[in-house]
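**Q** Quick one, structure for this:
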Amino acid sequence: MAEHRYQVIVIGGGHAGVEAAWACANLLPGERTVALVTLDPSKIGVMSCNPAIGGLAKGQLVREIDALGGLMGLATDLTGIQFKVLNQSKGPAVHGPRAQCDKHAYAQAVQALIASRPEVEVIAGSVERLLVEGGRVRGVEIARGTRQAASTGGSPVATHVLSAAAVVLTTGTFMRGLMHCGEQKTRGGRFGEDASVGISGALRDLGFELGRLKTGTPPRLKRGTIDWDALEPAMGDDVPLPFSDLTGMDEPDIGPDSPALSLRRFPVLPQVDCRQTRTTAHAHEMIRANLHRAPMYSGQIESVGPRYCPSIEDKVVRFAERESHGVFLEPESLRDDWIYCNGISTSLPPDVQDVIVRSMPGCEHAHIYRYGYAVEYDMVRPHQIRATGMTKLVEGLFLAGQINGTSGYEEAAAQGIVAGINAARRVLARGEFVVGRDQAYIGVLMDDLVTKTPVEPYRMFTSRAEHRLSLRSDNAPERLTPLARDIGLLDSTRLGRVRWSLFERRRELASRLHEAIDRERSDGEPLSKLARSDKIEAADLRAMLAAAGCVPEHDDERFLDATIRTVHADRRYEAYLVRQRTEVKRQGEMEHRRIPDAIDFGDFKDMRAEARQALAKFRPSTFGQAGRLEGVTPADLTLLSVLVDRWGRDRRQLVK
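**A** Predicted coordinates:
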């Protein structure tokens, strides 16, 4: 059996997998240090559902991934066909940058970016089993080729062992994936692709507790059969905002020699508009009459779907008083005429979907290219991982993406970059990289996963972040780019060095602008006072600074505007941020105080049974995590502190 050695092995070429591989490449320079194993390399970076990136809270995740040197923001800026900042009527803390992407161009851009890294070797194959010795992962066994080789003439199956000190598993919806469309069931993780069956059994054999979740997708329509011009347009922003700080840089192409991968001009692709329509009372009646044929209601699907992104049948049941629900018709690509129906995810039978679609205004004669369907898949209950992504059962095995019970490209990518960083740092014998809840939405995401048991696919919202005034999309570089540099993410590549140079220029410009705001006045009023008013927007502040002669000459208007937006937001929330920083500092000691891994919480008989059970199940790494567990009260946390101190004294006595 052939054996090949790498430093890190990443399983899966979705959004989590590519970010993990990219992060590992940034930290482990050299030839073929990282293996990226995927069933079909041509599907790397595929947008299997809505070809959109970002949105409320999700946009913050993408900006944070970019600030850490990730690739999602770059790929989005290269392939976006409509950019729009959501929630602009509210304060900058809840603005959500979003982009509709060309799905074909996006996958190709991601594949080209991965191909540009000599550190990453892409391997076509399926994981047969995980190789674990003494509680530590040592690699994987993969099968390459086709099992139907004898009858089809395909290449025979060959088994290979890939060895590494760290493995990142990102299976998406493929673990025992099962697609449902009405009564029809098809094995697979997404349309046209087979499921991954063996890995679920391998994880269960290792002692992992698995769960089952469900997600879904809507029908796709042929644009030429829609009365497009009769529908209300949904336009993008007149001045698009990019996701990546590198976009617009005066540098050569970011990947291989290809004009398609140049970020000098933004937007790169032509921009399009979307259209708005709605469901009807007639369609709702049809849905109610056919609920017995919907897999979620017939019992065919027993798992739980996303409550915050429900199917149309869920909406009709839960909001029975409503006669219609809004639907956005969104182009999927500039290369074809497929339209995504955002708002009617469904697994109802095709004949019911025909009625739903053709009852919508403008869609009376719509041709359905592909019917909606639901996907049911296995996941690993995330109380079994740490905030680094590494599992508690097997050292060196990391999980990222939907395998941890999350939903969405952005949540998957955020976990991928965390897992990739920590997998590489483990190989390098360096400490854990953990981002706090007060530092990033990524920190909120990872902390929520290890302190809560998801009963539905987890989706990020601004309301989940208690420090959201300081975790804005505009200030992601200030929060995370210095961390990226400190741990070496920016050292090994030209892009990383350019990113740091841009950050330093941005920091210097922001400092000069803050000094001007503290010094200057407008119509007799101090700018420092005016900047705190919710009636003053970033553009107003720029005009006041310009009138005072304090806006420097700059050859990049986008760079200048982005810096002013951050300065404006810092000033607007200044009083709140001072209080927030004080509170974070006050809570910091307890938040980061470690709980020894060797503790047996069952021995703490003085503690309430509910608290002991929660602590034993989740095994929190810090007192901060322990305090957020359901079933652990502030009184329990105080007692835990006493018991941990006593446990430590007893251990020291035993050593003596």
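**Q** Could I get the buried residue list for stretch 228-242?
**A** Neighbour-count burial for stretch 228-242 flags Trp228, Leu231, Ala234, Gly236, Pro240, Leu241, Pro242 (criterion: 16 or more other C-beta atoms under 10 Å). Placement of C-beta: from N, CA and C, glycine included.
**Q** nearest spatial neighbour of the third one, skipping sequence neighbours?
**A** To tie it back to what came earlier, the one meant is Ala234. Spatial nearest neighbour of Ala234, excluding adjacent residues (C-beta to C-beta, 6 or more residues apart in numbering): Cys274 at 4.1 Å.
**Q** what's the answer for the fourth one, then?
**A** The shortest distance from Gly236 to any residue other than its chain neighbours is 3.9 Å, reached at Gln82 (C-beta to C-beta, 6+ apart).
**Q** Report how many residues lie close to the one you found.
**A** 22 (other C-beta atoms under 10 Å).
**Q** And for Ser511?
**A** For Ser511, the count of nearby residues is 11 (other C-beta under 10 Å).
**Q** Tell me how far it lies from Ala281.
**A** 58 Å (C-beta to C-beta, to the nearest Å).
**Q** Read off the pLDDT value for the residue nearest to Gly236.
**A** Gln82 carries a pLDDT value of 98.
**Q** what does Ala626 give?
**A** pLDDT for Ala626: 90.
**Q** Over to Arg176?
**A** 68.
**Q** before we move on, back to that, OK, contacts around the residue nearest to Ala234?
**A** By C-beta atoms under 8 Å, 6 or more residues apart in numbering, the contact list for Cys274 reads Gln82, Gln100, Pro233, Ala234, Met235, Phe328, Leu329, Glu330, Pro331.
**Q** can we see that at 7 Å?
**A** Neighbouring residues of Cys274 by C-beta atoms under 7 Å, 6 or more residues apart in numbering: Gln82, Gln100, Ala234, Phe328, Leu329, Glu330.
**Q** got the phi/psi numbers for the last one?
**A** The reference is to Glu330. For Glu330, the backbone dihedrals (degrees, to the nearest 10) come out as phi -120, psi 120.
**Q** The longest helix seen in the chain: what's the following helix or strand?
**A** Longest helix in the chain by number of residues (criterion: DSSP state H): helix 494-519. Once the chain leaves helix 494-519, the next helix or strand it forms, by DSSP states H and E, is strand 521-522.
**Q** so what strands line up beside that next one?
**A** Sheet pairing of strand 521-522 (DSSP bridges) gives strand 525-526 (antiparallel).
**Q** Was I right to think Leu130 contacts Val137?
**A** Yes. With contacts counted by C-beta atoms under 7 Å, Leu130 reaches Val137, the gap being 6.3 Å.
**Q** Common neighbours of these two, please.
**A** Common contacts of Leu130 and Val137 (C-beta under 7 Å, 6+ apart): Val167, Leu397.
**Q** re the thing from before, next, the residue nearest to Gly236: phi, psi?
**A** When read as degrees, to the nearest 10, the backbone of Gln82 gives phi -160, psi 130.
**Q** my guess is it meets Gln100, correct?
**A** Yes. With contacts counted by C-beta under 7 Å, Gln82 reaches Gln100, the gap being 4.0 Å.
**Q** in this protein, which segments are predicted with low confidence?
**A** For the chain, the stretches with pLDDT under 70 are 1-2, 145-157, 174, 176-177, 187-197, 249-262, 296-309, 554-555, 654-656.
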